[in-house]
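Novice: Any chance you could fold what I've pasted below:
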Amino acid sequence: MAPWHEAPQMPLEPPDQKHWEAASGYVQLGMYLEADAELDEIDPFCRAAPEVLAVRLEIYAGLKKWELMQAVAKKLAEHDPQNVQWAISWAYATRRVESIEAAKEILVQALQHHPDEAMVHFNLGCYASQLGDLTLAKAHLKRALVIEPKCRLMALDDPDLEPLWGQLGNLGTEI
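Specialist: Here you go, the predicted structure:
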């Protein structure tokens, strides 16, 4: 899983910075419980910092704690709507906690602010496919591929798009 966070814009003070760095390293190694323990060592007043929440989001995704991931991603998306990854993460968790329809609504809103974000279109294509709207699914996938051609490989491997595979035979020639 690619990191969803960047280095802090306003660095945490030691020793919190060291705990954040250690947690980030543990996440990269897939050691989510250790990462979570490191974040718990950060001063409680700093735990709501966006860079800390971003690592916490990755931990919850890795541990498949969807409700916690949903809550953190929603908070990040509301705090920083310019970072489209927060909306994508919020939708991802919402799909697992609530429904595809609820996740779709999050990304439809994100699309208003990020019309040229390939992953928003790609995920909306996945959701449309799962909801049986193959025409809409193809439209979103076509847009994603125009923006980011690498999405083609993802489309050929994403089980959410399986309804399209049967209809198209070869997704690569149709889209």
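Novice: Pull out the buried residues from the one helix or strand Asn123 maps to.
Specialist: Here Asn123, judged by DSSP states H and E, is contained in helix 118-130. Neighbour-count burial for helix 118-130, counted by 16 or more other Cβ atoms under 10 Å, picks out 118-130. C-betas here are computed from N, CA, C, even on glycine.
Novice: So which residues make contact with it?
Specialist: Contacts to helix 118-130, defined as Cβ atoms under 8 Å, 6 or more residues apart in numbering, come from residues 84, 87-88, 91-92, 95, 100, 103-104, 107-108, 110-111, 114, 134, 136-141, 143-145, 147-148, 151, 154-155, 158, 160-164.
Novice: likewise stretch 146-159?
Specialist: 116-119, 121-122, 125-126, 141, 144-145, 161, 164, 171-172, 175.
Novice: can you give me the helices in the protein?
Specialist: 16-28, 32-40, 50-62, 66-79, 84-97, 100-113, 118-130, 134-147, 151-157, 162-168, 171-174 (DSSP state H).
Novice: ok, and for the first one, which residues are buried?
Specialist: Going by neighbour count (16+ other Cβ under 10 Å), the buried part of helix 16-28 is Asp16, His19, Trp20, Ala22, Ala23, Ser24, Tyr26, Val27.
Novice: The second one now?
Specialist: Residues of helix 32-40 classed as buried by neighbour count (16+ other Cβ under 10 Å): Tyr32, Ala35, Asp36, Glu38, Leu39.
Novice: ok, so of those, who is nearest His79?
Specialist: The nearest member of the buried residues of helix 32-40 to His79, counting by Cβ to Cβ, is Leu39 at 17.5 Å.
Novice: any idea how far the closest residue to that closest one other than its chain neighbours lies from Glu162?
Specialist: Closest residue in space to Leu39, ignoring its immediate chain neighbours: Ala23 at 4.8 Å, by Cβ to Cβ, 6 or more residues apart in numbering. Noted for Ala23: a distance of 36 Å to Glu162, by Cβ to Cβ, to the nearest Å.
Novice: can you check Asp40 too?
Specialist: Applying Cβ to Cβ to Asp40 and Glu162 gives a distance of 40 Å.
Novice: What of Lys142?
Specialist: 18 Å.
Novice: With Pro115 instead?
Specialist: For Pro115, the distance to Glu162 - Cβ to Cβ - is 27 Å.
Novice: Same check on Glu117?
Specialist: Taken as Cβ to Cβ, the span from Glu117 to Glu162 is 24 Å.
Novice: Settle it for me: which of these two has more neighbours?
Specialist: Glu117 (21 against 11; other Cβ atoms under 10 Å).
Novice: Next, count neighbours for the residue nearest to the more buried one when sequence neighbours are not counted.
Specialist: The shortest distance from Glu117 to any non-neighbouring residue, by Cβ to Cβ, 6+ apart, is to Val84 (4.9 Å). Neighbour count for Val84, taken as other Cβ under 10 Å: 20.
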